[in-house]
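Chemist: Here is my input; please provide its structure:
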Amino acid sequence: MDATEAAAEIARQISVELRKDEPDRLLIAQLSHELLDQDDSRVRFTVDATHIQRLGRELVAKQETALAELVKNSYDADASVVLIDIDPPRGSSEGSITIADDGAGMGMEEIRNGWMRLSTDSKVDEARSTWFRRLRAGRKGIGRFAVERLGRRLELNTRRSGSPVGYSIVFDWDETFTRGLELSFVTHEVSEFSKKPEDHGTTLKIVGLRDRWNADSIRMAWKMLFQLQSPVLGDDGRRESGQQVDPGFQAFIDSQDARGAKINLSLEAEFSKLAIAHIQGDLASDGTVTYTLDSSKLNHHETESYVIPELAGLGPVRVEAHYLIFDSKSMPGANVRQATNLARELGGIKLYRNGFRVSPYGEQGNDWLNLASETARRAILVPANNPNFVGQVHVSAEKNPGLDETASREGLLEGPHYQMLVKFVHDCLWWAAKRVGSVRERKVFAGQKNHSAKPSSSLHTRVSQIVERIREAKSVADSDAAIEEILSVASDFEAKFQEEREESLKYEAMLRVLASLGLSIAVFSHEVSASTASLEAAVDNLLAIIDEVGGTFPAKARLEASHVAAGSGRISELGGYLGSLTKQSESRKLRTLVVSTVCETFEHQFKSYAAARGIEIVVCIADEFLRTCPMHRSEFDSILFNFFSNSIKAIKRARPAQPQISLSATGERKFIVLRFQDNGDGVKEAYRDRIFDAFFTTSGGQEDDEESGTGLGLRIVSDIASSYGGSVQLAKPDEGFSTAFEFRLPRFDPAKHTL
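Modeler: Alright, predicted model coming up:
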């Protein structure tokens with residue numbers, strides 16, 4: 001059959017198929033494809049289905065990079081939170097990665113013309129996102145290749161805001177995209193499901209991981225996200241009329257390593273703890289600069305502001321940095337060598353444009369601020385090299401139009417505006433380093449005299465202003481009646497002050513005891529971590545030897561070895577948990593918390609402890625993206641632990657047939673309602689009005705009594721609630737429970753809070 005006959009036969013088959021009531025659309029497409037190939041006067045490019053795998057391997061070389069690209073996609077979809085759960089392959093489990101966001105989601109049109117279309121220009125044509133008008137971070141269209149790079153199968157679930165239905169699609173990369181198939185003819189079934197119109201977001205579940213995700217690789221992925229994502233969140237602070245307020249953007253990795261131990265990482269908290277001071281610099285469009293230095297270690301705070309005309313026109317810029325001095329006096333209790341290595345690896349001032357990292361600024365060996373060269377020339381004597389500063393500079397294409405990216409999108413064009421930026425950031429860091437040097441009575445420049453002089457205090461000025469205001473109001477005290485009234489008020493205040501002082505002294509005494517206990521726990525957790533590392537290595541070697549011996553090894557001994565392995569893993573896990581709590585409590589910075597992540601972490605840590613006592617813990621979080629107002633993570637953990645310990649005591653006293661603890665969280669207007677219930681012996685009526693008082697306890701006081709308590713647990717919970725404008729109270733328990741506490745905490749409000 002020649003080409004003409006073949007073409008005629010294909011055309012006939014297409015005609016027959018088109019006349020059917022339900023024609024096979026895929027068959028028609030394939031026949032049309034064959035018909036085009038019968039034209040010897042024309043040729044065209046075709047794409048083999050395995051091109052997907054090739055692009056996935058070549059465009060995304062590292063697993064951490066693939067994860068970062070998917071996070072960028074969530075940012076572009078107007079997500080405010082991305083939850084990443086990595087379940088590494090272990091044993092017969094093939095492992096999975098779940099990436100869930102609360103973005104706008106996709107409808108069928110976005111799936112067909114965006115997700116399923118390669119090399120689309122949609123993100124170039126629509127440079128800003130729909131809801132928050134964010135400048136898009138992902139422009140290469142490689143998100144779909146990133147998921148192929150990570151695993152063998154993808155389960156896509158997406159929910160478009162405002163639509164009554166969502167869509168699910170399964171992509172089996174290795175089984176479906178096989179050699180010899182035309183890429184256009186690989187189809188995937190779309191399943192619809194009903195949903196609430198207000199429900200939105202996208203979930204990617206990547207199954208059959210191609211890489212071994214251990215603690216080190218997860219830590220590397222976290223570091224990449226830490227450096228990729230701007231610490232100052234929200235699309236450069238846009239608040240224009242007619243636009244939704246951008247709530248900011250956070251990505252969380254909440255994973256388990258191969259032994260089941262939680263991995264909790266916080267580089268920001270680590271640098272904050274190591275730093276001797278925090279620096280902030282703001283540049284206004286008119287050239288006004290404001291430098292701020294804050295140091296709790298030196299008990300020093302100062303702000304300086306003035307105009308630098310040559311910086312006018314650059315636009316608003318902010319720099320934030322931690323200042324580190326690597327010696328034992330500036331880093332008490334820290335390993336100075338480890339801190340130095342950490343700062344060399346991740347230190348420096350990073351540059352963020354439109355909320356995302358611009359390379360190579362701040363990378364190892366990059367001296368874009370000339371700090372290394374000037375330190376080498378001894379232009380300044382106090383520590384002021386790149387590793388001494390850990391921070392970021394924030395600019396945007398809209399507010400800093402003179403800062404253009406190069407054609408390769410690697411760096412900025414080094415024109416006049418770039419030089420202005422370098423000067424502003426450099427001078428801010430130098431100002432701070434010099435002020436710290438003065439406070440520490442260090443010589444700042446060569447040849448400087450009287451370097452021990454400290455900055456003058458503003459206390460005298462403030463006192464003079466107060467005295468002047470009192471003198472201006474002196475006529476009010478001319479009346480004897482007024483004087484008597486003032487004395488009466490002063491007497492009442494003194495009596496009240498004395499009463500509160502006595503209570504405060506008792507409270508502070510107990511807090512000192514608890515603080516000492518906290519230090520002991522910190523030392524304990526450090527020693528546990530150090531000891532269990534060698535123990536785990538020995539256990540792993542033992543298990544490997546048992547596997548080599550095989551059936552000749554006694555079954556009972558094999559069982560005992562597995563118990564040792566499980567126990568060592570649990571000890572390591574608890575040591576890591578205690579260590580993370582002490583690290584979190586050291587940071588003064590407040591952060592919004594994802595309630596589901598904190599509660600699930602708590603459940604994981606204490607589930608086995610409760611199970612050993614026959615107690616079931618049930619956790620139910622209605623909204624996985626529910627977030628708190630900015631607060632300390634250690635405070636939230638303290639709330640959960642105090643409720644939990646009280647429940648354990650109550651259940652022990654009551655001994656119910658099926659002991660149970662319930663933890664739930666819901667959103668209620670402007671508040672998060674945390675509900676903690678148990679089926680213990682309940683709270684006696686006579687105690688209900690006193691349980692939140694300091695030092696009130698119904699527990700025993702014997703040293704060996706598990707129920708022993710300080711009487712401060714619920715008082716601390718109450719104080720935490722009050723400090724954030726929330727509340728805590730006894731509530732009516734659900735059926736089957738005897739006690740219910742409801743803790744109300746303000747939820748995250750993008751109009752008031754920052755991430």
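Chemist: Next up, the contacts around Ala321.
Modeler: Residues counted as contacts of Ala321 (CB atoms under 8 Å, 6 or more residues apart in numbering) are 278-280, 349, 389-392, 429, 432. C-beta: built from backbone N, CA, C; applies to glycine.
Chemist: Among those, which one sits closest to Phe145?
Modeler: Proximity of these to Phe145 (CB to CB) peaks at Gln392, which lies at 28.9 Å.
Chemist: How about the residue most central in space within the chain: which residues does it bridge to?
Modeler: The centroid of the chain falls nearest to Phe252 when counting by CA atoms, centre = their mean (4.5 Å). Listed by DSSP bridges, the beta-bridge partners for Phe252 are Leu83.
Chemist: any idea of the pLDDT on it?
Modeler: Listed pLDDT for Phe252 reads 80.
Chemist: how much space is there between it and Thr601?
Modeler: 11 Å (CB to CB, to the nearest Å).
Chemist: can you pull the alpha-carbon coordinates of stretch 314-326 into PDB?
Modeler: C-alpha atoms of stretch 314-326 as PDB (Å, rounded to 0.1, in the frame of the first residue of the first chain):
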ATOM      1  CA  LEU A 314      16.500  53.700  45.200                       C
ATOM      2  CA  GLY A 315      13.200  53.100  46.800                       C
ATOM      3  CA  PRO A 316      12.200  51.500  50.200                       C
ATOM      4  CA  VAL A 317      14.700  48.800  51.300                       C
ATOM      5  CA  ARG A 318      14.900  46.900  54.600                       C
ATOM      6  CA  VAL A 319      17.900  44.900  55.900                       C
ATOM      7  CA  GLU A 320      17.600  42.600  59.000                       C
ATOM      8  CA  ALA A 321      20.600  40.800  60.400                       C
ATOM      9  CA  HIS A 322      21.900  38.900  63.500                       C
ATOM     10  CA  TYR A 323      25.400  40.100  64.500                       C
ATOM     11  CA  LEU A 324      27.700  37.300  65.800                       C
ATOM     12  CA  ILE A 325      31.000  37.600  67.600                       C
ATOM     13  CA  PHE A 326      32.800  34.200  67.800                       C
END
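Chemist: for that stretch, the distance to its chain's centre please.
Modeler: Distance, stretch centre to chain centre, for stretch 314-326: 21 Å (CA atoms, centre = their mean, to the nearest Å).
Chemist: Show the residue spans covered by the strands in the stretch 1-150 of the chain.
Modeler: Ranges of strands in the stretch 1-150 of the chain, per DSSP state E, counting those that start in this stretch, are 81-87, 96-101.
Chemist: Lowest average confidence across those strands, which one?
Modeler: Among those, strand 81-87 carries the lowest mean pLDDT (a mean of 88).
Chemist: what's the angle from that strand to strand 96-101?
Modeler: If you take axes from the mean of the first three to the mean of the last three CA atoms, to 10 degrees, strand 81-87 sits at 170 degrees to strand 96-101.
Chemist: ok, and what's touching strand 81-87?
Modeler: Residues outside strand 81-87 that contact it (CB under 8 Å, 6+ apart) are 67, 71, 74-75, 93, 95-102, 213, 218, 221, 249-256, 594, 596-597, 624-625, 627.
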